[in-house]
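K.L.:
Give me the fold of what follows.
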Amino acid sequence: MSRFRGFRLALSVVTVIAAVAAVLASASLVGLQAQSFSATLSPIAGVVQVLALGETDWQNVVETTLINQGDQIRTGNDGLARLNVVTGISVDIHPTTWVEVNDLSLGEGDNSALTYSLFQIVGRTYVYVDQELNPEDRVQVIYPTVGIVVTGTKFFNFIHPNLNAFVMVEEGETNVEGADLPNVTVTPENALYIEFDLPQPIPQVCTLDLLRTAVQKREITDIRPNNQGIQALRRHLVEAVTGQVNLEVRPYMRALLGLPPIDLTALTQEEDVDELAELLNAIPTFDGDGMELIEFLADYREFWQVYFSTMSSAPLAPETCGNGERDDDETAQNCPTDFADVQPCGNSLCEIDRMIQGDLGESVINCPADCLPYPDLARSCGAILRGIIGRPPPQLPTPSGVG
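P.N.:
Numbers count the residues shown, from 1 in each chain. Sure thing, here's the model as predicted:
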C-alpha cells in the first residue's frame, strides 16, 4: 500500500468494522443466516475501476471505497489496487487484471463462519491471509479453470489471456481443485501450471465436460533439463511475457536467461520487435541454469513483489481516465489508457508498456482482444467451478423444537 493512502484506508477500515458490528448486532432480529458485509478497495496507482452489482457503467476509483458482494474490479495497464477484508484477508491487484467478489459473508449465532469467494478472470493477484482460519471458514479464489481453497497463506495467481494459469505460494499452502482432477497442494517448494487446451473453434460457453477434458494440472517439483516440470515452467515464462509485455519483465527475463542487458527505451521499432523475438525464442531452452526449484521460486516471488512496489509510485489516474477520450486534465503520463496507441491491438500480445508505434498501453479496458479475448467462456467456466469447488457450506443448527 502506498504511504499516502494509509491514513485514508485506516479510516475506511474503522468504518467497515463499525458497519460489520452493526450487522452482527442485528442478527437476533433476522435469525441464523449468513450476513453480507463490505470489503474496502484502495486504489494505489493508475486506472482502477469498479462495476457495482446491477450497474452498467464502470466508475473510476480515486479513493478508498466499499466493495460489496457481486461488485467487479478491473485495472488499466498501469493500475494497482488493494482489496481488504476486515477479517485479515488482502488481495494486491496488479495491472490489467479483472476480479469479481462472488461471496463475502459471515454466519450468525453459533455459526460465525466466514465465506469469501473471489473470481479472478484474468491478470495477476497476490493474496495474503494474516489470521488463522477456522475449519468452518470457506475462503476461495476461483479461476476459469480451477479453484484455490485457502487455508491461511500467501500466494500469487497468474491467469493469462488464453486462460492458462500459474500458482506460486510464498508462505503456507493452498489446495488446488478442479472439475474432475486430483487435488494438488502447492507450497513454497513447488508450483502449479494449469493448461486449458481449448478446442477449435473456441466455444463461447463452458461445460463441465470441457473442464474435465481440456484442463490439465502440471505440478512443477523439479526444473532439471528434460524434466516435465521445466517444460511447464517454460510455458508459464512465455505467458508471463506475452500476457503483459512491459519494460520491467523483459529485462528480468533477459537476466534469467543469460541474455545481455538492453535499454528497451532506446530501441527502434524494428529493434524492439527483434529483441522480443530473441527473448521468446530463448525461453524454450531455459534449463534452470543450475538452480534448484526452491531457489528459482524465491527469486521469482521477489521480482513480482519489487515490481508491485515500484509501480506503486505512479500517480492515480484522473476520474475521467478510461473513457477513451483525451479529456482536459489528462496527459500521456497520468492517463496512458486514453493516450495509448492501440492500433496493434489484435496481435495476441497484451502490450501494457511497450515503446513501439508510440507508447503502447493495452489492458482489459482498451484492448480486450489481446488482454481478455474469451470473457464469456471464462465467466461461464467460473460459474461451473463455483458450484463444485471447496467444502460445502456449513450446516446451520436446527432451531429448538423443529424437526
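K.L.:
pLDDT weak spots in this structure?
P.N.:
Segments of the chain classed as low confidence (criterion: pLDDT under 70) are 1-34, 109-110, 340-343, 356-359, 390-403.
K.L.:
the longest strand in it is where?
P.N.:
For the chain, the longest strand by residue count, based on DSSP state E, is strand 114-129.
K.L.:
partners of the helix or strand just after that one, with directions?
P.N.:
Using DSSP states H and E, the next helix or strand after strand 114-129 towards the C-terminus is strand 138-142. Strand pairing for strand 138-142, using DSSP bridges, gives strand 114-129 (parallel), strand 147-150 (antiparallel).
K.L.:
tell me the contacts of the closest residue to Arg379 other than its chain neighbours?
P.N.:
In space, not counting the residues next to it along the chain, Arg379 is nearest to Ile121; the distance is 7.0 Å by Cβ to Cβ, 6 or more residues apart in numbering. Bear in mind the C-beta positions are built from the backbone N, C-alpha and C, glycine included. With contact taken as Cβ atoms under 8 Å, 6 or more residues apart in numbering, Ile121 is in contact with 98-100, 144, 159, 372, 375, 378-379, 382.
K.L.:
How about Glu278?
P.N.:
With Cβ under 8 Å, 6+ apart as the criterion, the residues that contact Glu278 are Leu259.
K.L.:
Give me the phi and psi for Gly382.
P.N.:
The phi and psi torsions at Gly382 (degrees, to the nearest 10) take the values phi -60, psi -40.
K.L.:
Tell me the spacing between it and Cys206.
P.N.:
With distances taken as Cβ to Cβ, to the nearest Å, Gly382 is found 8 Å from Cys206.
K.L.:
just the strands in the stretch 201-350 of the chain please.
P.N.:
With DSSP state E, counting those that start in this stretch as the criterion, the stretch 201-350 of the chain has strands at 215-220.
K.L.:
joint contacts of Gly382 and Cys206?
P.N.:
Between them, Gly382 and Cys206 share the neighbouring residues Pro144, with contact defined by Cβ under 8 Å, 6+ apart.
K.L.:
if we can go back for a sec, can you put the strands paired with strand 138-142 in JSON lines and add distance to Ala266?
P.N.:
Listed next are those as JSON lines, based on distance: least, Cβ to Cβ, whole Å:
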{"stretch": "strand 114-129", "distance to Ala266": "28"}
{"stretch": "strand 147-150", "distance to Ala266": "41"}
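K.L.:
Ok, which of those strands comes nearest Pro201?
P.N.:
Ranking the strands paired with strand 138-142 by distance to Pro201, with Cβ to Cβ as the measure, places strand 114-129 first at 20.3 Å.
K.L.:
Next, the buried residues of that closest one.
P.N.:
Within strand 114-129, the residues scored as buried using 16 or more other Cβ atoms under 10 Å are 114-129.
K.L.:
With stretch 198-211 instead?
P.N.:
Of all the residues in stretch 198-211, those buried under the rule 16+ other Cβ under 10 Å are 198, 203, 206, 210-211.
K.L.:
From those, pick the one nearest Pro135.
P.N.:
Relative to Pro135, the closest of the buried residues of stretch 198-211 is Leu211; by Cβ to Cβ it sits at 27.5 Å.
K.L.:
Now the closest one: closest residue in space, sequence neighbours ignored.
P.N.:
Distance criterion Cβ to Cβ, 6+ apart; nearest residue to Leu211, sequence neighbours excluded, is Ala179 at 3.7 Å.
K.L.:
Quick check, the one you found in contact with Gly382.
P.N.:
No - using Cβ atoms under 8 Å as the test, Ala179 is too far from Gly382 to be in contact (11.6 Å).
K.L.:
just to revisit the earlier point, check the secondary structure at the residue nearest to Leu211 for me.
P.N.:
Under the three-state scheme (DSSP: H, G, I helix; E, B strand; the rest coil), Ala179 adopts coil.
K.L.:
Next up, phi/psi of it, please.
P.N.:
Geometry field for Ala179 lists phi and psi as phi -70, psi -40, criterion degrees, to the nearest 10.
K.L.:
same thing with Val186?
P.N.:
Given degrees, to the nearest 10, the pair of backbone angles that Val186 has is phi -110, psi 130.
K.L.:
Next, count neighbours for it.
P.N.:
For Val186, the count of nearby residues is 21 (other Cβ atoms under 10 Å).
K.L.:
hang on, the earlier thing: quick check, nearest of the buried residues of strand 114-129 to Pro260?
P.N.:
Of all the buried residues of strand 114-129, Arg124 has the smallest distance to Pro260: 27.3 Å, by Cβ to Cβ.
K.L.:
give me the beta-bridge partners of the closest one?
P.N.:
Legend: beta-bridge partners of Arg124 under DSSP bridges are Phe158.
K.L.:
let's have the chain start at 52 instead
P.N.:
Fine by me, first position is 52 from now on; the one you just mentioned is Arg175.
K.L.:
Val192 versus that one, what's the distance?
P.N.:
Look at Arg175 and Val192: by Cβ to Cβ, they are 12 Å apart.
K.L.:
Mutual contacts of those two, please.
P.N.:
With Cβ under 8 Å, 6+ apart applied, the overlap between the contact sets of Arg175 and Val192 consists of Asn208.
K.L.:
Any idea which of the strands paired with strand 189-193 gets closest to Gly373?
P.N.:
Across those, closest to Gly373 is strand 165-180 (Cβ to Cβ), at 15.8 Å.
K.L.:
can you pull the alpha-carbon coordinates of the closest one into PDB?
P.N.:
C-alpha atoms of strand 165-180 as PDB (Å, rounded to 0.1, in the frame of the first residue of the first chain):
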ATOM      1  CA  LEU A 165     -16.500 -16.600   7.100                       C
ATOM      2  CA  THR A 166     -17.300 -17.200   3.400                       C
ATOM      3  CA  TYR A 167     -15.100 -15.300   0.900                       C
ATOM      4  CA  SER A 168     -15.000 -16.200  -2.800                       C
ATOM      5  CA  LEU A 169     -13.100 -14.100  -5.300                       C
ATOM      6  CA  PHE A 170     -13.300 -14.900  -9.000                       C
ATOM      7  CA  GLN A 171     -10.200 -13.900 -10.900                       C
ATOM      8  CA  ILE A 172     -11.000 -13.800 -14.600                       C
ATOM      9  CA  VAL A 173      -7.500 -12.700 -15.900                       C
ATOM     10  CA  GLY A 174      -4.300 -11.000 -14.700                       C
ATOM     11  CA  ARG A 175      -2.200 -11.300 -11.600                       C
ATOM     12  CA  THR A 176      -3.000 -11.100  -7.900                       C
ATOM     13  CA  TYR A 177      -1.200 -11.700  -4.600                       C
ATOM     14  CA  VAL A 178      -3.400 -12.900  -1.800                       C
ATOM     15  CA  TYR A 179      -2.300 -12.900   1.800                       C
ATOM     16  CA  VAL A 180      -4.100 -14.000   4.900                       C
END
